[in-house]
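K.L.:
Would you be able to build a 3D model of this:
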Amino acid sequence: MPRTKQIDRTLLAATAATAAFGVIMVGSASAPLAREYYHLSQVEFAFRQLVAVLLGAGALLAAAFVPLEWVTDRRVALAGLAATWAALLLAFLQAPVAGTHRWLHVPFFTVQPSSLAKVTLPLALASFLAHRRAVRADARWTLRLALAMACLTIGLVLVEPDLGSAALIAVAAAAVLIAAGTPWRPLALLAAAAVPVLLIAIALKPYRVERVRSFLGSTSYQVHQSLIALGRGGLLGKGPGQSVQKLFYLPQPHTDFIYAIVGEELGFLGAAGVLAGLAIVAARGFRAAEHAASEPQGLLAAGLATSFAVQALLNVSVCLNLLPAKGLPLPLVSAGGSDVVMTMLGI
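P.N.:
Residues are numbered from 1 along each chain as shown. All right, here's what the predicted structure looks like:
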């Protein structure tokens, strides 16, 4: 097929290598936890990650051959966002998990609707803004409607509650708006208005207040253990599977703090290699935005690439105690079915 010549092989190779590495590291980081705490096979979480990667690979390859003109069609994009809103609302009708409504339980699997929003909101904004500009619609109403879509999506994620994902989705939306040429003044006013919302969201949850207090004062237990793991790794690491911090010192080492286990087992060189793989994916995403064949395609690529890059930077920054702890996985590497599948779909 002619479209195969348009596949970015560098992007595909970086994605495949990083995702495969993630399966291996999830297996290494989670083995003691699966066996001793959950009483499961020590390869249970690695198997789940492999299934997620295979599903994501199917989504990636399928999406690569879907005509982009169809994907960025305004009706298709807005229908996808509406479906995401429905999923976010349906999660509130189900029993909470750990006091939150972040997951939607459907037959045979569980979906995290906020992961859907990381793709569907940038897609909807990109197609909507490009369409409104093409028909020379009123710029003020266009901006108001776009902000309404973004605020509704972010608000639904925020009240799950999931502050980290809400902030990441806001960054993706802002990237699309900036790429579309939105004037800086309304964006600055919106950012200023978001500050008190952020402070209130932190103040309403004691664990968030504690995270900020720990960051500003003494290091929290989890971040402290992360720094120990990274420090133990040195240049070359202790060797694959030889992490000590995963032996119930670092809580849930296969999820948000898997980067620390990478640093402990594979050292600075291994940790830098992971960052290089993620940087290649993000860079190729920005290149796709620059060379896109149409405006909605370029806006979509800009939003997805920004979201991917910021998510990776936030996760690593938390592991290095450069930011307060927040629940964001390392893209393609941390355990997490919905996030892996939707990340690969976005790629």
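K.L.:
alpha carbons only for contacts and neighbour counts from here, please
P.N.:
Fine.
K.L.:
Any buried residues in the lowest-mean-pLDDT helix or strand in the chain, and which?
P.N.:
Using mean pLDDT, DSSP states H and E, the weakest-scoring helix or strand in the chain turns out to be helix 206-216, at a mean of 78. Buried residues in helix 206-216, counted by 16 or more other CA atoms under 10 Å: Arg208, Val209, Glu210, Arg211, Val212, Ser214, Phe215.
K.L.:
Please enumerate the strands of the stretch 151-300 of the chain.
P.N.:
Under the criterion DSSP state E, counting those that start in this stretch, the stretch 151-300 of the chain contains no strands.
K.L.:
re the thing from before, neighbouring contacts of the least confident helix or strand of the chain?
P.N.:
Helix 206-216 is contacted from outside by Ile202, Ala203, Ser220, Asn321, Leu323, Pro324, Ala325, using CA atoms under 8 Å, 6 or more residues apart in numbering.
K.L.:
please redo it, this time with the cut-off set to 10 Å
P.N.:
Under the criterion CA atoms under 10 Å, 6 or more residues apart in numbering, residues 163, 199, 201-203, 217, 219-221, 223, 318, 321-326 lie in contact with helix 206-216.
K.L.:
Going by neighbour count, which of these are buried?
P.N.:
Of those, these count as buried by 16+ other CA under 10 Å: Leu163, Ala201, Ile202, Thr219, Ser220, Val223, Val318, Asn321, Leu323, Pro324, Ala325, Lys326.
K.L.:
Identify the residue with the minimum pLDDT among those residues.
P.N.:
Lowest pLDDT of those: Thr219, 72.
K.L.:
measure that residue to Leu204 for me?
P.N.:
The gap separating Thr219 from Leu204 is 22 Å, by CA to CA, to the nearest Å.
K.L.:
With Ala335 instead?
P.N.:
Distance from Ala335 to Leu204, by CA to CA: 28 Å.
K.L.:
what about these two, which has more around it?
P.N.:
A side-by-side neighbour count of Ala335 and Leu204, using other CA atoms under 10 Å, places Ala335 first with 30 against 10.
K.L.:
Report the contact partners of the residue lying closest to the more buried one once chain neighbours are set aside.
P.N.:
In space, and not counting its chain neighbours, Ala335 is closest to Thr255: 5.1 Å by CA to CA, 6 or more residues apart in numbering. Going by CA under 10 Å, 6+ apart, Thr255 touches Val26, Ala29, Ser30, Gly327, Leu328, Pro329, Leu330, Val333, Ser334, Ala335, Gly336.
K.L.:
Which one of these is nearest to Ala175?
P.N.:
Distance to Ala175, by CA to CA, is smallest for Leu328 among the contacts of Thr255, at 18.8 Å.
K.L.:
Distance check, the closest one against Arg133.
P.N.:
From Leu328 over to Arg133 the distance is 34 Å, taken as CA to CA.
K.L.:
Between the two, point out the one with more neighbours.
P.N.:
The residue with more neighbours, out of Leu328 and Arg133, is Leu328; 22 against 14, by other CA under 10 Å.
K.L.:
SS state for that one?
P.N.:
Classification of Leu328 by DSSP: H, G, I helix; E, B strand; the rest coil places it in coil.
K.L.:
What does Phe257 show for phi and psi?
P.N.:
Phe257 has phi and psi values of phi -110, psi 30 when expressed as degrees, to the nearest 10.
K.L.:
what about it, neighbour count?
P.N.:
Residues within reach of Phe257, counting by other CA under 10 Å, total 28.
K.L.:
correct me, but it touches Val223?
P.N.:
Yes: counting by CA atoms under 10 Å, Val223 is a contact partner of Phe257 at 8.5 Å.
K.L.:
Now the common contact residues for these two.
P.N.:
Contacts common to Phe257 and Val223, judged by CA under 10 Å, 6+ apart, are Leu250, Pro251, Val318, Cys319, Leu320, Ala325.
K.L.:
Give me the pLDDT value at the fifth one.
P.N.:
Read that as Leu320. 93.
K.L.:
Just the ones of the buried ones among the contacts of helix 206-216 in helices?
P.N.:
Leu163, Ala201, Ile202, Val223, Val318 (DSSP state H).
K.L.:
okay if I get the residues you listed as TSV plus distance to Leu123?
P.N.:
Compiled in TSV, these are given as follows (distance: CA to CA, whole Å):
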residue	distance to Leu123
Leu163	21
Ala201	27
Ile202	29
Val223	35
Val318	28
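K.L.:
counting contacts, what elements does the top helix by length along the chain pack onto?
P.N.:
Scanning the chain for the longest helix, with DSSP H as the assignment, gives helix 258-290. Here helix 258-290 touches helix 9-32, helix 221-233, helix 295-319, going by 3 or more CA pairs under 10 Å, 6 or more residues apart in numbering; DSSP states H and E.
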